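Colleague: the following comprises the amino acid sequence and a computationally predicted model.
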Amino acid sequence: MTGESRRPPTTLGDVLAVRRRRRLVGRSAEIELVRAAVEHGGDNPLSVLHLHGPGGVGKTTLLDAFADVAVTAGATAVHLDGRDVDPSPIGVAEALYGILDVPAGDGPISLRSGGARLVLLVDSYERLAPLDDWFRTRFLPRMPASTLTVLAGRDRPSPAWRAESGWGDLMRQVSLRNLDPEASRHLLVQAGVAPGLHDRILGVTHGHPLALALVADVVTGGGDATTDDLPLDVVQALLPRFVETVPDGRHRHALEACAVARSTDEALLRDVLGDDDVHDVFAWLRELSFVDLAPDGLYPHDLARDVLDADLRWRDPDGYRQVFDKVRRHSLARLRESTGRSQQRAIFDLKFLFRGARIASSPVDWSSWGTNYPDRVDRAEHESVLALVSRWEGEESAGIARHWLDRQPDGFFVVRHHDGRLMGVLATVDLSRASPSDLDADPGARAAWEYAQRCAPPRPGEVVSQCRFLLDREAYQSPSPTMNAAPVMTLQRQLATPGLAWDFLTLAEPERWDAYFRAADIPRATGADFIVGGRRYGLFAHDFRQVPIEAWTELWADRALAREAGTDSRNGPEAYVVLSHPDFATAVRQGLKDIGRRELLVRNPLARTRLVAERAVGGRAAGEVLEALLREAAATLADHPRDDKLLRAVDRTYLHPAATQESAAAVLGLPFSTYRRHLAQGVDRIVAWLWDREVYGQERAGVSTA
């Protein structure tokens, strides 16, 4: 429902709606607060009530009660549901069309019917979070002075509401909690639940209103409410409401995928179910009462998602891992196949899978996850970007930002409000393109570059990047829409950067995030802290040559599936060895000498490089893969007739070796010095061929992985 004016009941449907609202229990303090605000009019200064609490705690039911209070007092109640409104000023105006007159520009808003005091009830306000500033500064100030607005959502009011002294006692916030035992028992009595079951149900639900209602439905329908363990009891009490209606295993797997994924479309179901025709299953999901529609697919209500997720984890841990991994692989494939905003959505989908990891001090704001996307900065926004950096980090830091904005403007991104104003700034610099003077101008860039050189230097053609600036207008580097957008920007750049070696993240107060980024395999760069403008910053680093993106997300998956903070189902992905060019060439030469002796090849340093390890899949041992690569590299010498002499020298030395090099020269009919020259040139060609694939990857080099 969008805009709807509440009126006294005139139809049987109205009567039924009023009877349902009368079943509301508890909440007397909140109702009296609104009653006083409506009945006393100008004598009560309350203009905005922020009502916030978790999903299912009863916000919508309470808004219905507020509407009754308003109608009884002779006011006009208008209901606006954020789930049904496009989060834009135009979307709000369209939803209220016919009830309110919302003129273009900054003119006053009025009731079309005139007269009565207005009570605006906004449900699911978190869905309208992009409009929060607009509501506060543009929309509500245009409403009649006597208007009472109730903003009901999951999140507390943004700091901006409290920061503006003008609102003062015109605004009040109420945190809606679970029902107390008396109110909970009253609800169960109304639902017809036997008193002997009340204590058990209260113990399972802790007074959560929606959980109480669902368990009451289960019990009155003949279900079992005798449970012992809190998490499992809640799941087992609530799950039959969903699962009993599942037609078969195919539909059950689709429902499980819907619970795991951020959003579900037919493409996801095809990958999870391994079925080309999933239209009927998707249509079934779409009709479920606890599944909602979003622009990019279907998603379940939070309580339903949690129940289904917890049940599958408990009932079939291996099955949960399989569903999780299929959804992860689907998101990874979309991520690699798409570009632009579609790729950004795929990144949000991928990271959403790891919301269950129990890691303290997470920088993620899951309540606004997937709602704000990074965009490239416009030239006209450069000064605004620098002003924001200066506001949070000072003039010295802003001067560094200006330096990089002049040198590498393509690395700067912003997160914007719906009205175009900047919500935050994100900037990545390519240190591989930096000159010595660039590093001299930025202590942070120099700290990152020197750390990379000290620990595992980038090789020719490899890239070192650094997320150098990351700040939200309101929250700086605390959980915020800008912090949510950071992994989207960085992962997009990681995917689009051939030869990426080191990637650094720069944060103030680095100790605050140590545990989180260590668990995400982006550990603190020890000894690389630096100071700008009196503020200390730390670096968090990941070497993609050692742990590429696929292995990286597997690590995330293991830690999300482990659930408990500080625990993993394994120690982490085995890091690839990153060899310098001289060490790589030495290893190739030793590998050629050991061809045919796989017990030696498996101990060669090349066996632990990305070149070999990425191909050592499907049961193929590293020694076998390395031998095949060495032979393939040698065979490329036959591609050019002029190199035939080089191939013959390599063949008689390593592939079909003579007893000694002198014997090989004699077999080839060459002077020993000429033979040695041909052999050295051939080995150098083999080293170059393999090095190109090690640094740039098999796809760019055109190597078959069959």
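Modeller: Alright, I've got the coordinates.
Colleague: let me see the mean pLDDT of the helix or strand residue 388 falls within.
Modeller: In this structure, residue 388 sits in helix 382-393 according to DSSP states H and E. Helix 382-393 carries an average pLDDT of 95.
Colleague: ditto for stretch 217-225
Modeller: Stretch 217-225 comes out at a mean pLDDT of 67.
Colleague: okay, residue 252: pLDDT?
Modeller: At residue 252, pLDDT is 90.
Colleague: pull out the buried positions in the helix or strand where residue 507 lies.
Modeller: Element membership for residue 507 (DSSP H and E) is strand 500-508. Neighbour counts using 16 or more other Cβ atoms under 10 Å place 500-508 of strand 500-508 among the buried residues. C-betas here are computed from N, CA, C, even on glycine.
Colleague: rewinding a little: show me what the helix holding residue 388 is packed up against.
Modeller: Applying 3 or more Cβ pairs under 8 Å, 6 or more residues apart in numbering; DSSP states H and E, one finds that helix 382-393 makes contact with helix 395-407, strand 422-430, strand 463-472.
Colleague: please export the C-alpha coordinates of the longest one as PDB.
Modeller: So the one you mean is helix 395-407. Output of helix 395-407 as PDB, limited to C-alpha atoms (Å, rounded to 0.1, in the frame of the first residue of the first chain):
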ATOM      1  CA  GLU A 395      44.600  20.200   4.700                       C
ATOM      2  CA  GLU A 396      47.700  18.200   4.300                       C
ATOM      3  CA  SER A 397      45.700  15.100   3.400                       C
ATOM      4  CA  ALA A 398      43.600  17.200   1.000                       C
ATOM      5  CA  GLY A 399      46.800  18.400  -0.700                       C
ATOM      6  CA  ILE A 400      47.800  14.800  -1.300                       C
ATOM      7  CA  ALA A 401      44.400  14.000  -2.700                       C
ATOM      8  CA  ARG A 402      44.700  17.000  -5.000                       C
ATOM      9  CA  HIS A 403      48.100  15.600  -6.200                       C
ATOM     10  CA  TRP A 404      46.600  12.300  -7.100                       C
ATOM     11  CA  LEU A 405      43.400  13.800  -8.500                       C
ATOM     12  CA  ASP A 406      45.700  15.700 -11.000                       C
ATOM     13  CA  ARG A 407      47.900  12.700 -11.700                       C
END
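Colleague: any chance you could map the helices in the stretch 1-150 of the chain?
Modeller: Using DSSP state H, counting those that start in this stretch, the helices of the stretch 1-150 of the chain run over residues 12-22, 28-39, 59-72, 89-95, 132-134.
Colleague: need the ones you listed in JSON lines (columns: distance to residue 613, mean pLDDT and mean neighbour count).
Modeller: Putting those into JSON lines (distance: least, Cβ to Cβ, whole Å; pLDDT from 0 to 100; neighbours: other Cβ atoms under 10 Å) gives the following:
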{"stretch": "helix 12-22", "distance to residue 613": "62", "mean pLDDT": "57", "mean neighbour count": "12"}
{"stretch": "helix 28-39", "distance to residue 613": "60", "mean pLDDT": "89", "mean neighbour count": "17"}
{"stretch": "helix 59-72", "distance to residue 613": "52", "mean pLDDT": "88", "mean neighbour count": "21"}
{"stretch": "helix 89-95", "distance to residue 613": "50", "mean pLDDT": "87", "mean neighbour count": "18"}
{"stretch": "helix 132-134", "distance to residue 613": "48", "mean pLDDT": "90", "mean neighbour count": "20"}
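Colleague: which one of the ones you listed lies closest to residue 170?
Modeller: Among these, the nearest to residue 170 by Cβ to Cβ is helix 28-39 (10.7 Å).
Colleague: circling back: ok, which of the helices and strands packed on helix 382-393 comes nearest residue 126?
Modeller: Of those, nearest to residue 126 by Cβ to Cβ is strand 422-430, at 16.0 Å.
Colleague: and the closest one with helix 382-393, angle?
Modeller: 90 degrees (axes from the mean of the first three to the mean of the last three Cα atoms, to 10 degrees).
Colleague: helices or strands next to the following helix or strand past strand 422-430 in the packing?
Modeller: Once the chain leaves strand 422-430, the next helix or strand it forms, by DSSP H and E, is helix 436-441. Packing partners of helix 436-441 (3+ Cβ pairs under 8 Å, 6+ apart): helix 395-407, helix 443-455.
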